[in-house]
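Student: After the sequence you'll find the predicted model.
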Amino acid sequence: MTIYERFAQFESEFLKFEKVEGKRTNRADLHAFIVLDELLPDARGRDIVSGAEHDQICLNIDLVDLDNKATDDHILELVRCGVFISSEYECLSMFV
């Protein structure tokens, strides 16, 4: 299963932050950033937001690294925080 398919399987859970257990913060976007930072500690030192276009931010996360380290539970948690994969920009994204 590709990283795109892994995210797609949880589409019905998009932006359901209230269902996230063990919240690290009450803010969905900040929670997602913390999860990504914990999953990919080697990316520290780089800004997590790599760009913005209209109402969408692009996250500076390597999709291959994420696919190798994230469990389906992690992906579900990120989707519930509002994270998705932008096929246009080929990166993790969030709406602002």
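Tutor: Good, I have the coordinates. Numbering: from 1, shown residues only.
Student: Figure out how far the least confident helix or strand in the chain by mean pLDDT is from the centre of its chain.
Tutor: Within the chain, confidence by mean pLDDT, DSSP states H and E is lowest for strand 49-53 among all helices and strands, at a mean of 86. Centre-to-centre, strand 49-53 and its host chain are 14 Å apart (C-alpha atoms, centre = their mean, to the nearest Å).
Student: swap in stretch 21-34?
Tutor: Here stretch 21-34 shows a centroid-to-chain-centroid distance of 11 Å under the convention C-alpha atoms, centre = their mean.
Student: Give me the buried positions along that stretch.
Tutor: 28, 29, 31, 32, 33, 34 (16 or more other C-beta atoms under 10 Å). For glycine as for every other residue, the C-beta is placed from the backbone atoms N, C-alpha and C.
Student: which one among the residues you listed gets closest to residue 66?
Tutor: residue 32 (11.9 Å; C-beta to C-beta).
Student: ok so that closest one is a helix residue?
Tutor: Yes - assessed by DSSP: H, G, I helix; E, B strand; the rest coil, residue 32 belongs to a helix.
Student: residues touching it, list them.
Tutor: Residue 32 is in contact with 77, 78, 81, 82, 83, 94, counting by C-beta atoms under 8 Å, 6 or more residues apart in numbering.
Student: at 7 Å instead, please
Tutor: Each residue near residue 32 by C-beta atoms under 7 Å, 6 or more residues apart in numbering is listed here: 78, 81, 82, 83.
Student: Just put the residues you listed in TSV and tack on pLDDT.
Tutor: Shown next, in TSV, are the contacts of residue 32 (pLDDT from 0 to 100):
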residue	pLDDT
78	98
81	98
82	98
83	98
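Student: that older thread, now do the least confident helix or strand of the chain: everything it contacts.
Tutor: 57, 58, 59, 60.
Student: helix, strand or coil for the first one?
Tutor: The local conformation at residue 57, judged by three-state DSSP, is strand.
Student: give the contact list for it.
Tutor: So residue 57 contacts 49, 93, 94, 96 (C-beta under 7 Å, 6+ apart).
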